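[1] show me how the following folds:
(chains A and B)
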Amino acid sequence: MALCRGAGLLLRTLLPGNPLLFPAACRTQSSVSGVLVPRTSLTSPPWPEQLPPVCEAEDARRQAAVVSTVNGSIERQDYGRLFAVVHFASRQWKVTGEDLILIENHLEAGCGETIRLEKVLLVGAEDFTLVGRPLLGRDLVRVEATVIEKTESWPKVHMRFWKRHRYQRKMIIVQPQTVLRINSIELAPRLS
Amino acid sequence: MVFLSLSCWIRSRGPDRYWKVQEIVKNAKHFRGRKNRCYKLAVKAVRRAFVYATKGRRLKKRYMRTLWISRIAAASREHGMKYPVLMHNLTKSSVQLNRRVISDLAITEPRSFLSLAKVARARQQEGFRAALGDGKEPVGVFSRVVLLQ
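    So this is what the prediction gives:
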């Protein structure tokens, strides 16, 4: 599970090399002097020549700091409105509390029953985001919804026509629909 | 009136022509010209309209995906990354968000999108580090690079 601080730094890639002359040029081989070749997109490989050095202790310290900050704000429940990305009915939905979802199929639950949406991919608040790889734990997030309405869609016309062949077929498609109201998204204070 | 002789060959030629015509013409009421009134013209126009609607429902899915992809590409370029790099590294980090949700996050939740871009960037750097390693040739291999050094 990856955690990131909300107020972050913009990432910029560094341009490779320093142009010594104008227009930008480079030598074919460092051992041969006096032969200059114009700098093109293929003069240097697309990956950076010098990767920034990895300091594992520093990274571990930063990660521990971020985790403790996020844990603290979850325990104090001072994050405000939460949004979540939920996988339901073979689609992904970005939901918050009190919003409505229209699902184009039939659900087994009856009207007025509460449903828990279990496959949560991402949860976010104003200052932090929890990204699941690919799903977040069941004991970490709880998304509850109520079935409000079970209707049918408007009659859609499916028509096929083949010109000059005297072929036409018309079919009316009516699909069952379900409307869910997302009641709440709750976080439990348990991160590592 | 009093009819002195019986009528002959009187029959009903279908009592519901009006409703059969209305079934077609009511779908054409918002069209332009005579095809919103006259049955012969309305039949052709309504048939074309239904066929275009059917085909359009399949094309809409393609257009929406292209739109999402271009929005994600624009948002990732604001953070100094390109679309294929972002998506490939997110897939390698096993983040299974689809393009619709990522484009919605880029529009309404810019900080969450920034965090996804950072995850992808970190995975990209790890990949480079794993591939490049020390920057030296493996032991026992002779190549042009080794000869030039």
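[2] where does the chain have low pLDDT?
    No chain was given, so I picked chain A. Scanning chain A for pLDDT under 70 picks out A:1-34, A:191-192.
[3] my bad, chain B
    Filtered on pLDDT under 70, chain B yields the residue ranges B:135, B:137, B:144-149.
[4] so when I look at residue A:154, I'm seeing a helix, right?
    No: going by DSSP: H, G, I helix; E, B strand; the rest coil, the assignment for residue A:154 is coil, not a helix.
[5] apart from its neighbours in sequence, what residue is nearest it?
    Distances taken as Cβ to Cβ, 6 or more residues apart in numbering or on different chains place residue A:174 nearest to residue A:154, at 7.9 Å, with adjacent residues excluded. To be clear about C-beta, it is placed using only N, CA and C from the backbone, and glycine gets the same treatment.
[6] list the contacts for the one you found?
    Taking Cβ atoms under 8 Å, 6 or more residues apart in numbering or on different chains as the contact definition, residue A:174 lies against A:152, A:153, A:154, A:155, A:156.
[7] ok, now how distant is it from residue A:153?
    Distance, residue A:174 to residue A:153, by Cβ to Cβ, to the nearest Å: 6 Å.
[8] what's opposite residue A:162 in the beta bridge?
    Residue A:162 forms beta bridges with residue A:167, as assigned by DSSP bridges.
[9] re the thing from before, same list (the contacts of residue A:174) but as JSON lines, adding neighbour count.
    Shown next, in JSON lines, are the contacts of residue A:174 (neighbours: other Cβ atoms under 10 Å in any protein chain shown):
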{"residue": "A:152", "neighbour count": "10"}
{"residue": "A:153", "neighbour count": "12"}
{"residue": "A:154", "neighbour count": "9"}
{"residue": "A:155", "neighbour count": "9"}
{"residue": "A:156", "neighbour count": "14"}
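[10] listing partners with orientation, what would you give for the helix or strand containing residue A:145?
    Using DSSP states H and E, residue A:145 sits within strand A:141-152. Here strand A:141-152 is paired, per DSSP bridges, with strand A:114-117 (antiparallel), strand A:176-187 (antiparallel).
[11] now for residue A:123, how many residues are close by?
    Neighbourhood size, residue A:123 [other Cβ atoms under 10 Å in any protein chain shown]: 24.
[12] helix or strand for it, which one?
    If you go by DSSP H and E, residue A:123 is part of strand A:120-124.
[13] and that strand, what does it pack against?
    Helices and strands touching strand A:120-124, by 3 or more Cβ pairs under 8 Å, 6 or more residues apart in numbering or on different chains; DSSP states H and E, are strand A:83-88, strand A:128-131, strand A:141-152, helix B:99-108, helix B:110-132.
[14] do you know which of these lies nearest residue A:115?
    Closest to residue A:115 of those, according to Cβ to Cβ: strand A:141-152, at 5.0 Å.
[15] name the surrounding residues that touch that closest one.
    Here strand A:141-152 has contacts from A:84, A:86, A:95, A:100-101, A:106-107, A:109-118, A:120, A:123, A:130, A:174-188, using Cβ under 8 Å, 6+ apart.
[16] spell out which parts of chain B neighbour chain A.
    Applying Cβ under 8 Å from any Cβ of the partner chain, one finds that chain B approaches chain A through B:47-48, B:50-51, B:53-54, B:57, B:79-81, B:93-98, B:100-101, B:104-105, B:108-109, B:111-112, B:114-119, B:121, B:125, B:128-129, B:131-132, B:148.
[17] mind running it again at 6 Å?
    By Cβ under 6 Å from any Cβ of the partner chain, the residues of chain B that approach chain A are B:47, B:50-51, B:54, B:79-80, B:94, B:96-98, B:101, B:104, B:109, B:111-112, B:114-115, B:118-119, B:121, B:128-129.
[18] quick one: buried ones out of those residues?
    B:47, B:50-51, B:54, B:79, B:96-97, B:101, B:104, B:109, B:111-112, B:114-115, B:118-119, B:121 (16 or more other Cβ atoms under 10 Å in any protein chain shown).
[19] next, name the residue at the spatial heart of chain A.
    residue A:122 (6.7 Å; Cα atoms, centre = their mean).
[20] distance of that one relative to residue A:104?
    Separation of residue A:122 from residue A:104 (Cβ to Cβ): 23 Å.
[21] kindly report the same for residue B:46.
    From residue B:46 to residue A:104 the distance is 26 Å (Cβ to Cβ).
[22] ok, residue A:137 next?
    Look at residue A:137 and residue A:104: by Cβ to Cβ, they are 29 Å apart.
[23] likewise for residue A:131?
    On the measure of Cβ to Cβ, residue A:131 and residue A:104 end up 28 Å apart.
[24] looking at those two, which is more packed in?
    Higher neighbour count among residue A:131 and residue A:104: residue A:131, with 23 against 11, using other Cβ under 10 Å.
[25] correct me, but that one touches residue A:122?
    Yes: using Cβ atoms under 6 Å, residue A:131 is in contact with residue A:122, at 5.5 Å.
[26] tally of neighbours for residue A:165?
    Neighbourhood size, residue A:165 [other Cβ under 10 Å]: 7.
[27] typo on my end, it should be residue B:28
    Residues within reach of residue B:28, counting by other Cβ under 10 Å, total 20.
[28] repeat for residue B:36
    16.
[29] check whether it really touches residue B:28, as I assumed.
    Yes: between residue B:36 and residue B:28 there is a contact at 5.1 Å, judged by Cβ under 6 Å.
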